[in-house]
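[1] Here you go, sequence then predicted model.
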Amino acid sequence: MPKVRETFFDASAVFDASAVRAWCALALDALGRAREEIDAINVYPVPDGDTGTNLYLTLEAAAAGVEDVFAGGAAPRLPEVMRAMAHGALVGARGNSGTICAQLLRGMAEGLDEKAPHADAAGLSAALRRAADSAWEAVARPVEGTVLTVASAAAAAATAASAASAASAAPAGGNGDCGAVARAAYDGACEALARTPGQLETLGRAGVVDAGGRGLVAVLGALVEVLTGERPAALTAALPAEGVVAGAAETCAAGPDGGGPAYEVIYLLDRTDDAGVDRLRARLDALGDSLVIVGGDGLWNVHVHVDDAGAAVEAGIEEGRPHRIRITHFAADQGVGRPGAEDSLQDARRAVVAVLPGEGLAALCAEAGASTLLAPPGSTPTAEELLKAVRAAGAREVVLLPNDDELRPVASAAAERARAEGIRVALIPTRAAVQGIAALAVHQPERSFDEDVVSMTSAAGATRFAEVTVADRQAWTMAGICQPGDVLGMVEGDVALIGSDVTAVALDVLDRMLSAGGELVTLVLDDTAPEDLATALESHVHDHHLAVDTIIHRGGAQGAPLLVGVE
């Protein structure tokens with residue numbers, strides 16, 4: 001946990017970089033104390049009992065981002081620290097509440113004066129107003145009685161307090177009272193939180209306040225403590241009567257029409273322009289609910305509740321590069337099922353179609369039960385060829401593994417055409433063959449289609465990949481200029497190092513991959529790999545990376561001496 005400052009500002013304090021650092025630490029502590037309470041009152045939008053935990057984990061990531069800035073040496077400025085807090089929350093956001101929290105922090109960062117070393121009362125209130133406005137903009141279908149309402153009330157109270165503070169400031173030009181602004185925001189949030197059961201029917205039935213709003217109150221209470229040195233009195237949320245939450249959970253899970261979305265899908269999306277994000281928002285809004293897309297500057301956090309998890313991920317693939325994909329099956333977490341949904345799929349015939357670069361890999365995947373399409377290095381299957389492979393699988397349900405970044409648009413087109421023919425297709429965004437192997441390792445055709453796709457997607461997303469290959473021409477790379485014959489170590493698709501010896505480069509790549517942790521290393525060697533490469537790599541992992549297992553496969557003529565996967 002970040003170190004909390006031993007002393008706080010007085011009541012006329014300004015909001016600066018050190019205040020943000022202390023705020024992060026105290027907010028994390030406050031959410032830690034309130035986490036179980038917030039989880040217990042979580043009945044909206046989905047009664048999955050994790051809002052407190054999600055907010056805590058999101059703030060933990062935000063605090064880590066702030067500490068990274070302070071660890072840089074030079075004293076950071078307020079805008080820089082606030083952006084780091086927002087970015088950390090964006091990358092580490094969990095659940096609906098965490099995603100909205102990340103946008104609130106981003107809005108605060110946007111609302112600050114970029115040139116000012118600190119914010120006075122007016123600057124802090126402006127930041128809180130921008131935070132609330134940006135959160136409302138990020139939610140596809142905002143609802144009163146939620147954290148959005150609480151955020152707006154906090155911003156309105158802060159604005160009023162700032163105006164009053166400015167009016168009473170000394171003629172010499174006082175900055176106003178940031179402590180008073182924070183206190184007003186906190187009080188306004190508490191009052192709005194108390195009204196939420198009357199604004200949202202689900203909360204009223206359960207007899208609780210909004211869980212996300214309760215979390216925001218805890219975070220604002222930490223801000224009050226930083227700027228005044230006084231911790232607000234403990235807030236007791238409206239706790240439900242015994243058994244009420246369980247009953248509300250069943251009602252919410254079922255929904256008014258007897259079938260709510262089954263999955264929560266969250267991923268980060270690399271996308272440079274807003275137009276693609278707008279298209280993604282429209283498509284996901286049609287697929288499900290609780291849609292929140294936050295971020296900017298090329299990186300977005302996407303959150304949605306859907307019945308078709310594969311379609312939600314595929315929508316992201318069409319607009320950018322989704323990564324850190326997390327899919328949660330609500331019914332599995334809550335013990336609440338959707339009548340008939342699973343039974344209707346259990347007897348469906350299912351197939352996995354995998355595109356592989358070499359005969360050895362194709363044989364390996366075929367042994368695991370996949371239908372394979374061989375795509376030797378330098379060749380790219382067409383959408384028609386992929387469609388034929390899907391048809392040839394002879395199944396009503398097909399999981400498609402492209403195993404190549406460049407192949408995903410073609411695979412997406414083939415999947416759309418197959419769906420038009422009545423075949424249910426899920427495209428898992430595997431970027432490398434080792435990710436396809438990881439997905440196949442958890443494939444269980446006896447499960448429902450959605451559950452199988454979720455498990456395979458999660459396994460693929462948890463697998464980092466690299467390869468050692470040989471340059472066939474001169475080129476500019478992230479590691480410098482390579483010449484024909486140079487050995488390239490590529491990590492996650494980018495050239496990380498250039499060398500002259502396959503084994504030396506392979507060992508360096510392995511160490512880089514395992515520096516971030518890992519439990520299982522998959523090595524796939526092609527026909528051109530040195531004879532002793534497998535032995536050298538396996539021994540290196542055994543000697544230098546404890547508790548890491550190694551699996552070795554022969555991939556045939558796969559176009560690269562070595563493919564690496566780390567799970």
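    Cool, got the structure.
[2] C-alpha only now, for contacts and for neighbours.
    Fine.
[3] From residue 210, how far off is the closest residue to residue 50 other than its chain neighbours?
    Of all residues beyond its chain neighbours, the one nearest residue 50 is residue 39 (4.9 Å), with distances taken as Cα to Cα, 6 or more residues apart in numbering. Relative to residue 210, residue 39 is positioned 11 Å away (Cα to Cα, to the nearest Å).
[4] who's more crowded, those two?
    A direct count of neighbours by other Cα atoms under 10 Å for residue 39 and residue 210 places residue 210 higher, at 33 against 21.
[5] where does the closest residue in space to that one that isn't next to it in sequence fall, phi/psi-wise?
    Using Cα to Cα, 6+ apart and skipping the chain neighbours, the partner closest in space to residue 210 is residue 146 (5.7 Å). Residue 146 has phi and psi values of phi -120, psi -170 when expressed as degrees, to the nearest 10.
[6] How many residues are close by residue 146?
    Neighbour count for residue 146, taken as other Cα under 10 Å: 26.
[7] what residues does stretch 517-528 touch?
    434, 534, 547-567 (Cα atoms under 8 Å, 6 or more residues apart in numbering).
[8] among those, which are in helices?
    The members of those that map onto helices under DSSP state H are 434, 534.
[9] show me what contacts residue 155?
    Applying Cα under 8 Å, 6+ apart, the residues near residue 155 are 125, 128-129, 132, 185.
[10] separation between it and residue 204?
    25 Å.
[11] Residue 147 now?
    Distance, residue 147 to residue 204, by Cα to Cα: 15 Å.
[12] what about residue 275, how many neighbours?
    If you count neighbours by other Cα under 10 Å, residue 275 ends up with 11.
[13] Tell me the buried residues within the contacts of stretch 517-528.
    With neighbours counted by 16 or more other Cα atoms under 10 Å, these contain buried members at 434, 534, 548-550, 553-567.
[14] for residue 26, helix, strand, or coil?
    Remark: residue 26 carries the secondary structure label helix [criterion: DSSP: H, G, I helix; E, B strand; the rest coil].
[15] Give me the spatial nearest neighbour of it, chain neighbours excluded.
    For residue 26, ignoring the flanking residues on the chain, the nearest one in space by Cα to Cα, 6+ apart is residue 222 at 5.3 Å.
[16] other SSEs contacting whatever helix or strand that neighbour lives in?
    Using DSSP states H and E, the secondary-structure element containing residue 222 is helix 211-228. Helices and strands in packing contact with helix 211-228 are listed as helix 17-40, helix 51-70, helix 147-168, helix 178-199; criterion 3 or more Cα pairs under 8 Å, 6 or more residues apart in numbering; DSSP states H and E.
[17] what about those, which gets the closest to residue 475?
    helix 51-70 (34.1 Å; Cα to Cα).
[18] The following helix or strand past that closest one vs helix 17-40, what angle?
    Along the chain past helix 51-70, the next helix or strand (assigned with DSSP H and E) turns out to be helix 78-92. Orientation check (axes from the mean of the first three to the mean of the last three Cα atoms, to 10 degrees): helix 78-92 against helix 17-40 gives 30 degrees.
[19] What pLDDT does the model give the residue nearest to residue 325 when sequence neighbours are not counted?
    Closest residue to residue 325 in three dimensions, ignoring its sequence neighbours and counting by Cα to Cα, 6+ apart: residue 267, at 4.3 Å. In this model, residue 267 is scored at 88, pLDDT.
[20] before we move on, what SS does residue 267 have?
    Under the three-state scheme (three-state DSSP), the conformation of residue 267 reads as strand.
[21] For it, give the beta-bridge partners.
    Partner residues in beta bridges with residue 267: residue 302, with DSSP bridges as the criterion.
[22] can I assume it is in contact with residue 304?
    No: with contact defined as Cα atoms under 8 Å, residue 267 does not count as touching residue 304 (9.5 Å).
[23] Doesn't residue 476 lie inside a helix?
    No: the assignment for residue 476 (three-state DSSP) gives strand, which keeps it out of a helix.
[24] so it sits right up against residue 482, yeah?
    Yes: using Cα under 8 Å, residue 476 is in contact with residue 482, at 6.5 Å.
[25] and these two? which has more neighbours close in?
    The residue with more neighbours, out of residue 476 and residue 482, is residue 482; 22 against 10, by other Cα under 10 Å.
[26] Tell me the spacing between the most centrally placed residue in the chain and residue 326.
    For the chain, the residue nearest the mean C-alpha position is residue 267 (4.0 Å; Cα atoms, centre = their mean). In this structure, residue 267 lies at 6 Å from residue 326, with Cα to Cα as the measure.
[27] quick one: contacts for the nearest residue to residue 263 once chain neighbours are set aside?
    For residue 263, ignoring the flanking residues on the chain, the nearest one in space by Cα to Cα, 6+ apart is residue 329 at 4.6 Å. By Cα under 8 Å, 6+ apart, residue 329 lies in contact with 262-264, 451.
[28] Pull the number of nearby residues for the residue lying closest to residue 198 once chain neighbours are set aside.
    With sequence-adjacent residues excluded and distances taken as Cα to Cα, 6+ apart, residue 198 is closest to residue 204, at 6.0 Å. Here the count is done by other Cα under 10 Å, and residue 204 has 17 residues near it.
[29] All good on my end, thank you.
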